[in-house]
Each structure stands twice: as structure tokens, then as C-alpha cells.
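Predicted model and sequence follow; I will ask about them next.
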Amino acid sequence: MQSSSGPPGLLADPKRLLLDMAQQRSAKELLWLVVKRLGESPQVAMARIWLVRPGSGCATCPMRAECPDRTTCLHLVASAGSSIVHADEHFSRIDGAFRRFPLGIRKVGLIAASGQPVEAPDLSAGADWIIKPQWVQAEGIQGFGGQPLIARGEVLGVLGVFSRMAIDETSLDWLRMIADHAANALANANAWEEIAGLKKRLELENEYLIEEVRVGGSFGEMIGQSAALDTVSRQIQLVAPTDSTVLVLGESGTGKELVAREIHRRSNRAERPLIKVNCAAIARELYDSEFFGHIRGSFTGALRDRVGRFELADGGTLFLDEVGEIPLDLQSKLLRVLQEGELERVGEEKTRKVNVRIIAATNRDLRAESDAGRFRSDLYYRLSVFPITIPPLRLRKDDIPLLLKHFLGQLARRIGRPTPSLTLADLEELQRYDWPGNIRELQHVLERAIITSSSGRLQLDLGQKQKNPRVAVAAAQEPPQAIMTDAQLRSLEAENIRRALRQTKGKLYGSGGAAQLLGLKPTTLASRMKSLGIRTIVTVEQGEK
């Protein structure tokens, strides 16, 4: 249906098109709506929209030789129209020879570079800039209108219309108006999509943080006054304001995640999220999806798009716990993101930029793992820009009284019990223990003690009785035993066999024989005697064979 006020025969109801464009919230649907409606008229051979985007596909671009810098160009994003030469051919492909136009090159590129339209309402006299005059003649092209898509002073792209009739001034006015409305509708659609994306991301971050609060264990703030802990605190103060990668080293249970949280809290990224990934808990086949995300249908079970941990941490900090557990063949993908700040979701070709600070943690010796070929050396050096080693609890026992006070109050409130009293004997027992499980073990021991205590006093159970310290000291002071050589061992064995033979008066086999005394088979004893050069008279009890 044509508008009575529109140019007869050129545009199909342009007023309705303008109204429908204003209702669009999706940029992609908006672009296809414009070209489809324009292409519905039999007098419009083809309508196309190119948008200004970062260069891509340069290696196969037909115009790469004409492109000045290959950083930004026009990408064909929507096309519609019908051929009169081939009835079943439609001009909807966006991967043809004119899928890219360098800015400033040829008429379409000049429109984007200058922001000025190129209007050739009557091509009957010919035009030297036409690239394929045979196509123009065969399709009956008589006019061209190229309009810039400008919104808020920025050129977003180009709208090009090839008509099968000479374009009068009224038709050009409609095309100019459609281009203006399309540019503003596109800007609004992009804004809506950006807002929707930010909202979705915020929802994902909130889900993640809520889950962290629900299941995550925390040791509270860093507690202690020991010299060892003071060294760690000073290292945190030095590195936190920077964006440098930090590698937190230490035994299990020492509080590596707490250090990561403290670094993030004191950094310039504190307003953005701290995202945690436990590398040891990820199934091998899900590493790519967990780190980089995936799109719907990219693999079995991918029922919806998912944002990876790197994107969730964009602008903030990503904590890679147990980083030493990442399989060797997958470490190269992680290294690429760390080096280039770029990633692709699983099943998607679009490259996304991320700005993430990395804090990694492990209880392994990554240098030794790297030397042994079990961890990429380039990834190790990338992660260990600023290493922080957390001391085990046995080396900071002066902090135990402060830790006890903090944990007892915290655990008692959580369990719903009054805070139990702690005797001097309890404190001494806890300080004598070496705490192989470190702070995590201390926390669990106290929680168990509060649960089992009914009289208001702690019932400590460290799982094993401690050795007497004096006995342990005495044992430690015993001189080491001498190491015997092989010759000495053989001499000792030969003397032991001779002693058995003397005691049995040379009897080798049978009841009460040397083989029985030594706990050996007679054949084994005979073989050893031969190898040791021992000769004796063999006696056999009557009746034995």
C-alpha cells in the first residue's frame, strides 16, 4: 500500500515506516525493517545499510588494497530488494563483493567520511563512478540516493537506495527524512541494548555475589600482630594501588583468598566486583565456558547465553584460586587473554575486550612445576609479577590469641551459643599444636569445640594427642645413625647366617634347622650361603628327604 502523500511508485507507505521505526528497541531489527520496507516497492531495486565499525575480515576483503589503515570501515549489515533479471533472486545477502567499504573510498565511503549525501536522481546520462554498469543496465537502475546516518553529530553509517525510476525531489526528501529517523532510532536502539546489557550484567554480578556470601567462608579481616603477618600487610599496601598481577603462595588454609580480597578492597577497582574461580573445581570440558562464556546452542546443554568469569570481572579483579590445577593444554588460552585482554565466547566469533586485574593463588611450587614441564613457564612469569607468600600458622603462633578471640565470638553467634571461656591451659595446648591445616583447621576445631561444649568451657579435640615436648626435644637431639655400606650389610648378613648354623650345629633343613630360625626357605638360604661364600656340613634328620 502506498501513501497518498508519498511519491507515487517509489516508496511503500513511508509515513508508516517512520512510525514503525520509532517503536524499535533492537538495532538489528530496526535495520532490517528499513531495508525491507524500502525494498517492497517494485521501483526500488535494492536498499542497503552499512554501519561504521572496527575493521575485520581484512584478509578476504575485496577492497583491502584500497583501504588506507584497515582499522575502521563500513560493514554491510542489512540489504533487501528483488531482481528483474532472475525472478528468484533477492538482494538480501550481506557477504558479497560490497560487504565492506573503506572510509573515504568510492561514493559510499565518501558519504561516511564527509557526512554529506551523494544523490544521483537520474543515471540515464551515465555516471563514471558506477562500478558495475552491466548490472545497472540489466536491472534497469535509473537513480541512486546515498544518505549518511547521523545522530548527535556522529556518522553511524550510510543508507543507499538504487531505484528503477528517476528520483524526484519529493522522493529525495523522503529518503533524507528516513535516514535521519533511522539514525536517531539506531542510536536509541543501541542505547537500549547497552542499558539492557548493563542491567543483565548487574543481575549476573548480583547473583554471583549473593552466592559468594551464601557459601563463601571468610576469616574476617586480617588478624594478627606477628612480624610474619606484618610483612604480608606491607606487601599488600605496596601492590594494591597498582594493576599488577599478584601470585599468592601458601599452604592450604592459610587465607590466600583473604589476601586477594584485601588487595582488591584497597585497590582502585574496589567499586567493581571481585570474581572468584576455583580452578580445581571446574570440569575439564567446561574450562572455556567458565572462563570466557558461551552462546546458546554452542554445545549440548548450552540452553542460553552465559557470561564468563572474565567478562563478569571486567573493570574489577579476577581471583584464580588453585591456578596450578589448570590443565597444561588449556593454559595457552588463559595466557592469551592475560596478554591481549581479548576473548571470544564459546560458539561466537565476536572478539570482546576486557580489562581485568588478575590475582592468582596456589599451594604448589609453580617454579618447580614449570621446570618439570607441568606448568607453562610463560604463564608462570606472567602470573608471578608480584608474589606474596603467606606464612603457615605454626610460624605465627603469636597471633593465635587474637584469632581465638575473633573466631570464638563469630562462631558462637553463628551457632547460637554463648561465647565459651578459654583457660590458660587451653591456650597453651592450642599454641603447642603445629596446625597442619592452618587457620582453616583452627576455625573448624573451635567450631567443633563450641558445638560439643555444654558447660560453658571449651572441649578441645585436636584429633591426636600431642607428643611430650621434652620427649620430642630429646628425640630431636639424638645423633643420627650411621649409614651402612652394601659390603657392611653383606658381612652382617653372613655373620647372622653363621650364627644360626652354629646354633643348629650345621643343620640347614627341617625342624629346628637354620632355615627355620632365619625364616627363609631352605633353597633361598642355600642360594644366599653360596653368594656369601659360606660353607658348612649339611645334616638331615632321619626320615627327611
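Nice, I can see it.

which residues in the stretch 1-150 of the chain form helices?
14-22, 27-39, 106-114, 133-138 (DSSP state H, counting those that start in this stretch).

got a list of what residue 235 touches?
Going by CB atoms under 8 Å, 6 or more residues apart in numbering, residue 235 touches 386, 388. Where C-beta positions appear, they are placed from N, C-alpha and C, glycine not excepted.

element containing it?
Using DSSP states H and E, residue 235 maps to helix 227-239.

the bottom helix or strand of the chain by mean pLDDT?
Sorting the helices and strands of the chain by mean pLDDT, DSSP states H and E puts helix 469-477 at the bottom, at a mean of 46.

What is the longest helix along the chain packed up against?
Taking DSSP state H as the criterion, the chain has its longest helix at helix 169-215. Applying 3 or more CB pairs under 8 Å, 6 or more residues apart in numbering; DSSP states H and E, one finds that helix 169-215 contacts helix 14-22, helix 27-39, strand 143-151, strand 154-163, strand 306-307, helix 309-312.

Distance from it to the middle of the chain?
Distance, stretch centre to chain centre, for helix 169-215: 26 Å (CA atoms, centre = their mean, to the nearest Å).

One more: stretch 117-125?
That offset, for stretch 117-125, works out to 53 Å (CA atoms, centre = their mean).

Which positions in it come out as buried?
117-118, 120-121, 123 (16 or more other CB atoms under 10 Å).

and of these, the nearest to residue 414?
Nearest to residue 414 among the buried residues of stretch 117-125 is residue 117, at 70.0 Å by CB to CB.

OK, contacts around the closest one?
111, 145-148, 176, 179.

With pLDDT, neighbour count and distance to residue 97 added, can I get these in a markdown table?
Below are the contacts of residue 117 laid out as a markdown table (pLDDT from 0 to 100; neighbours: other CB atoms under 10 Å; distance: CB to CB, whole Å):
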| residue | pLDDT | neighbour count | distance to residue 97 |
| --- | --- | --- | --- |
| 111 | 91 | 26 | 18 |
| 145 | 89 | 25 | 21 |
| 146 | 90 | 23 | 17 |
| 147 | 92 | 24 | 22 |
| 148 | 93 | 22 | 22 |
| 176 | 90 | 16 | 28 |
| 179 | 90 | 24 | 24 |
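
What separation is there between the residue nearest to the spatial centre of the chain and residue 364?
Nearest residue to the geometric centre of the chain (CA atoms, centre = their mean): residue 291, 2.6 Å. Noted for residue 291: a distance of 20 Å to residue 364, by CB to CB, to the nearest Å.

The residue nearest to residue 266 when sequence neighbours are not counted: what's it in contact with?
Leaving aside its sequence neighbours, residue 266 sits nearest to residue 240 (CB to CB, 6 or more residues apart in numbering; 3.7 Å). Counting by CB under 8 Å, 6+ apart, residue 240 touches 262-267.

any idea how far residue 357 is from residue 240?
10 Å.

what is in contact with those two at once?
In contact with both residue 240 and residue 357: 264, 267, using CB under 8 Å, 6+ apart.

how about the helices in the stretch 201-350 of the chain?
Counting by DSSP H, counting those that start in this stretch, the helices of the stretch 201-350 of the chain are 227-239, 256-265, 287-292, 309-312, 331-340.

between the longest one and helix 256-265, how many degrees?
In this structure, helix 227-239 runs at an angle of 40 degrees to helix 256-265, with axes from the mean of the first three to the mean of the last three CA atoms, to 10 degrees as the basis.

Need the helices of the stretch 1-150 of the chain in a markdown table (columns: distance to residue 323).
Formatted as a markdown table, the helices of the stretch 1-150 of the chain follow (distance: least, CB to CB, whole Å):
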| stretch | distance to residue 323 |
| --- | --- |
| helix 14-22 | 50 |
| helix 27-39 | 39 |
| helix 106-114 | 46 |
| helix 133-138 | 58 |
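
do you know which of these lies nearest residue 525?
Using CB to CB, these put helix 27-39 closest to residue 525, at 89.6 Å.

Name the residues that touch that closest one?
With contact meaning CB under 8 Å, 6+ apart, helix 27-39 is reached by 11-13, 16-17, 20-21, 24, 44, 46-49, 51, 77-82, 91, 159, 161, 178, 182, 185-186, 189-190, 193.

Select only the buried ones of these in PyMOL?
Per 16+ other CB under 10 Å, the buried members of the contacts of helix 27-39 correspond to this PyMOL selection:
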select buried, resi 11+12+13+17+21+24+44+46+47+48+49+51+77+78+79+80+81+82+91+159+161+178+182+185+186+189
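
Strands of the stretch 251-400 of the chain, residue ranges please.
Secondary structure of the stretch 251-400 of the chain by DSSP state E, counting those that start in this stretch: the strands cover 274-278, 293-294, 306-307, 317-321, 342-343, 352-353, 357-362, 386-389.

List the strands paired with the fifth one, with their directions.
Here strand 342-343 is paired, per DSSP bridges, with strand 352-353 (antiparallel).

Over to the last one?
In the sheet, strand 386-389 lines up against strand 246-249 (parallel) (DSSP bridges).

Poorly predicted segments of the stretch 401-545 of the chain, please.
Residues of the stretch 401-545 of the chain meeting the criterion pLDDT under 70: 455-456, 463-482, 536-545.

so residue 74 makes contact with residue 101?
Yes: in this structure, residue 74 is within contact of residue 101 by CB atoms under 8 Å, at 4.1 Å.

Find the residues that touch each one of these two.
50, 108-109, 112, 158.

Which one of the residues you listed is nearest to residue 58?
residue 109 (15.0 Å).

That closest one contacts residue 102, correct?
Yes: contact criterion CB under 8 Å: residue 109 and residue 102 qualify, at 5.4 Å.

Mutual contacts of the two, please.
Common neighbours of residue 109 and residue 102, counting by CB under 8 Å, 6+ apart, are 73-74.

Can you say which helix or strand has residue 404 in it?
Using DSSP H and E, residue 404 maps to helix 400-415.

could you give the angle of the helix or strand just after that helix to helix 400-415?
Note on helix 400-415: by DSSP H and E, the next helix or strand toward the C-terminus is helix 424-432. Interaxial angle, helix 424-432 versus helix 400-415 (the same axes, to 10 degrees): 110 degrees.

which residues sit in contact with residue 516?
Taking CB under 8 Å, 6+ apart, we find residue 516 in contact with residue 510.

which element is it on?
Per DSSP H and E: helix 514-518 holds residue 516.

So, low pLDDT: which residues of the protein?
Residues of the chain that meet the cut-off, pLDDT under 70, sit at 1-9, 125-129, 204-221, 455-456, 463-482, 536-545.

Give me the helices and strands touching the host helix or strand of residue 489, please.
For residue 489, the element it lies in under DSSP H and E is helix 486-503. The helices and strands touching helix 486-503, judged by 3+ CB pairs under 8 Å, 6+ apart, are helix 514-518, helix 522-532.
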